[in-house]
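In: whatever this is, show me its structure:
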Amino acid sequence: MSNIKSYVRKHKHLDAQIDHLEKHNHYNRTLISDLKKTKLRLKDKLRTTAREKLRSEKEAIASDTREALALG
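Out: Presented below is the predicted three-dimensional model:
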C-alpha cells in the first residue's frame with residue numbers, strides 16, 4: 001500500500017511541476033515533455049501495482065474458500 005501512496009504523491013508532484021512550467025516556462029517544451037513521459041510511466045506503475053495487489057487479495061480469498069470447503 002505504501003508504494004501506491006508514494007506513486008500517487010509523486011504523480012501529483014509531477015502534475016504540479018508540469019502545470020507550473022506550462023504557465024511560466026513555456027519555451028522549455030523538452031523538459032515539459034520529459035516530465036509528462038515520466039508522469040505516464042509512474043501512472044502505469046501505479047495501475048500495475050494496484051492490479052497486482054487486487055490479484056493477490058483475490059487469490060488469498062480463493063485459497064481461504066478452498067480450504068474452508070475442504071474442511072467442511
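In: distance of residue 61 relative to residue 22?
Out: Here the criterion is CB to CB, to the nearest Å. By it, residue 61 lies 44 Å from residue 22. For the C-beta atoms, the positions are set from N, CA and C on the backbone; glycine is no exception.
In: sorry, slip of the keys, the one I care about is residue 33.
Out: Shown here: residue 33 relative to residue 22, a distance of 11 Å by CB to CB.
In: looking at the two, which is more packed in?
Out: Taking neighbours as other CB atoms under 10 Å, residue 33 and residue 22 compare with residue 22 leading, 14 against 11.
In: element containing the more buried one, please.
Out: Per DSSP states H and E, residue 22 falls inside helix 2-24.
In: so where is the protein shaky, pLDDT-wise?
Out: Applying pLDDT under 70 to the chain flags the ranges 1-2, 72.
In: ok, back up a step: pull out the buried positions in the helix holding residue 22.
Out: Neighbour-count burial for helix 2-24, with 16 or more other CB atoms under 10 Å as criterion, is recorded at 7, 11, 14, 18, 21.
In: could you check how far stretch 35-50 is from the centre of its chain?
Out: On the basis of CA atoms, centre = their mean, to the nearest Å, stretch 35-50 sits 5 Å off its chain's mean C-alpha point.
In: with stretch 38-52 instead?
Out: With CA atoms, centre = their mean, you get 3 Å for stretch 38-52.
In: quick one: residue 38 and residue 15 touch, right?
Out: No: counting by CB atoms under 8 Å, residue 38 stays clear of residue 15, with 10.9 Å between them.
In: state the distance from residue 57 to residue 63.
Out: Distance, residue 57 to residue 63, by CB to CB: 11 Å.
In: swap that for residue 7, sorry
Out: To residue 63, residue 7 is 27 Å away according to CB to CB.
In: with residue 46 instead?
Out: Per CB to CB, residue 46 is found 26 Å from residue 63.
In: okay, which residue is most central for the chain?
Out: residue 46 (1.3 Å; CA atoms, centre = their mean).
In: is that one within a helix or a strand, and which one?
Out: helix 29-71.
In: ok now that helix, how far from the chain's centre?
Out: Remark: helix 29-71 is offset 8 Å from the chain centroid, using CA atoms, centre = their mean.
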